[in-house]
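>>> requesting a structural model of the entry that follows:
(one chain, ligands or ions: 1)
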Amino acid sequence: MSRVAIVTGGTRGIGEAISLALQEMGYTVAANYGGNEEKAKAFTDKTGIATFKWDVGDHQACLDGCAAVAQALGPIDIVVNNAGITRDGVLAKMSFDDWNEVMRINLGGCFNMSKATFGGMRERGWGRIVNIGSINGQAGQYGQVNYAAAKSGIHGFTKALAQEGAKSGITVNAIAPGYIDTDMVAAVPAAVLEKIVAKIPVGRLGQASEIARGVAFLCSEEGGFVTGSTLSINGGQHMY
Ligand code: CAA
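Residues are numbered from 1 along each chain as shown. The predicted structure is shown next:
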């Protein structure tokens with residue numbers, strides 16, 4: 001029986017590419033999504049990958065959702081915490097709700113999903129957790145105190161949980177994508193984005209599939225000696 005992987009935010013953008021890459025490796029994939037039913041249905045029709053709807057920022061929903069995935073597909077050995085949102089704005093204009101939602105979903109989601117799956121991985125003596133951080137969690141970004149704090153938190157979370165999982169065959173790593181050609185980046189005002197791309201040494205946005213290749217390696221059997229690391233995939237924009 002193939003191992004079961006869950007990818008949060010797994011039907012769109014970087015998450016979609018990750019779901020496909022893990023499926024290609026022979027894993028049984030479940031793609032979690034938060035809201036876009038139409039996109040999720042089109043994704044399943046195209047890929048055959050089962051989708052499961054819940055809010056990763058909701059602790060109980062993650063416990064129930066992961067139980068439903070395990071019931072349908074088998075015990076979860078691989079978790080990719082990819083779901084994330086932006087609520088950009090300078091601090092002076094940022095509401096508490098904008099702060100809280102980004103922390104709740106982007107960082108809280110990693111805690112909730114790990115709580116729901118880590119115990120089972122430990123019992124079975126094998127697991128892979130990959131958390132999608134960001135260049136903006138490493139370097140900061142004007143207008144993103146919420147997002148940068150949450151993503152930076154993900155990098156700390158990764159290193160702490162890696163220490164707890166190591167003796168049980170569980171690796172925990174992060175990927176820090178740069179600016180990738182997705183809807184999230186397309187929402188950045190064009191004039192701002194142009195200036196950002198001008199600072200990327202390779203001279204272009206990244207592709208979602210270029211992040212997915214990194215995730216696939218970290219989720220492989222061969223990745224077992226890599227833990228607590230952050231793989232930066234950013235076209236040289238931030239050499240960290
Ligand atoms: N550094 C210094 N000053 C900056 C700046 C920067 N990077 N960006 C903007 N400013 C300045 C502007 O020049 C302007 O100055 P003046 O008032 O003196 O002219 C002032 O800040 C206000 O700028 P805006 O007109 O852009 O202000 P706004 O309130 O309309 O918008 C913003 C602010 C929402 C932050 C907007 O600039 C923005 O969307 N920036 C992009 C943020 C970003 O990169 N988000 C990444 C999203 S993708 C992602 O997060 C994925 C990932 O992991 C990489």
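
>>> I'd say M103 and A150 touch.
Yes: using Cβ atoms under 8 Å, M103 makes contact with A150 at a distance of 5.2 Å. Heads up, the C-betas are built off the backbone N, CA and C, glycines and all.

>>> quick check: A30 is in a strand.
Yes: applying DSSP: H, G, I helix; E, B strand; the rest coil, one finds A30 inside a strand.

>>> residues near it, how many?
Applying other Cβ atoms under 10 Å, we find 27 other residues in the vicinity of A30.

>>> doesn't K53 make contact with it?
No: counting by Cβ under 8 Å, A30 does not reach K53; the two are 11.2 Å apart.

>>> tell me where the chain has helices.
For the chain, the helices defined by DSSP state H occupy 13-24, 37-47, 59-73, 96-102, 108-124, 135-139, 145-165, 183-186, 190-198, 208-218.

>>> contacts only, for L107.
A149, A150, K151, G153, I154, F157 (Cβ atoms under 8 Å, 6 or more residues apart in numbering).

>>> out of those, who's nearest the ligand?
Using Cβ to the nearest ligand atom, K151 is the member of the contacts of L107 that sits closest to the ligand, with 6.6 Å.

>>> for whatever residue of the chain ends up closest to the ligand, which non-adjacent residue is closest in space?
Residue of the chain nearest the ligand, by Cβ to the nearest ligand atom: G143 (2.1 Å). Nearest residue to G143 in three dimensions, chain neighbours excluded: D88, at 4.7 Å (Cβ to Cβ, 6 or more residues apart in numbering).

>>> quick check: closest non-adjacent residue to G127.
Excluding the flanking residues, the one nearest G127 by Cβ to Cβ, 6+ apart is M121, at 2.9 Å.

>>> isn't the one you found right next to A70, touching?
No: M121 is beyond contact range of A70, at 11.6 Å (criterion: Cβ under 8 Å).

>>> have a look at the two and say which one is more surrounded.
M121 (23 against 17).

>>> can you tell me which of the helices of the chain is most buried?
Of all these, helix 13-24 has the most neighbours on average by mean count of other Cβ atoms under 10 Å, namely a mean of 24.

>>> phi, psi of the residue nearest to G143?
Dihedral pair for D88: phi -70, psi 150, per degrees, to the nearest 10.

>>> need the contact list for it.
By Cβ under 8 Å, 6+ apart, the residues touching D88 are G143, Q144, Y147, V188.

>>> so what's the last one closest to, chain neighbours aside?
Setting aside the residues directly before and after it, V188 is nearest to I196 in space (Cβ to Cβ, 6+ apart), at 7.3 Å.

>>> number of nearby residues for F52?
18.

>>> ok, E222 next?
A count of nearby residues for E222, using other Cβ under 10 Å, gives 8.

>>> next one: G34
Counted with other Cβ under 10 Å, residues neighbouring G34 total 20.

>>> which pLDDT value belongs to it?
As predicted, G34 sits at a pLDDT of 96.

>>> distance of it relative to A162?
26 Å (Cβ to Cβ, to the nearest Å).

>>> what do you get for K39?
Distance from K39 to A162, by Cβ to Cβ: 32 Å.

>>> what lines up beside the lengthiest strand in the chain in the sheet?
When the chain is parsed with DSSP state E, its longest strand is strand 170-177. If you go by DSSP bridges, strand 170-177 pairs up with strand 127-132 (parallel), strand 230-233 (parallel).

>>> list the contacts of the shortest one.
The set of residues external to strand 230-233 that reach it, using Cβ under 8 Å, 6+ apart, is 133, 135, 138, 155, 158, 173-178, 206, 210-211, 214, 218, 238-240.

>>> and the ligand, which of the residues you listed contact it?
Restricting these to those near the ligand by Cβ under 6 Å from any ligand atom leaves I135, P177.

>>> cool, thanks, talk later.
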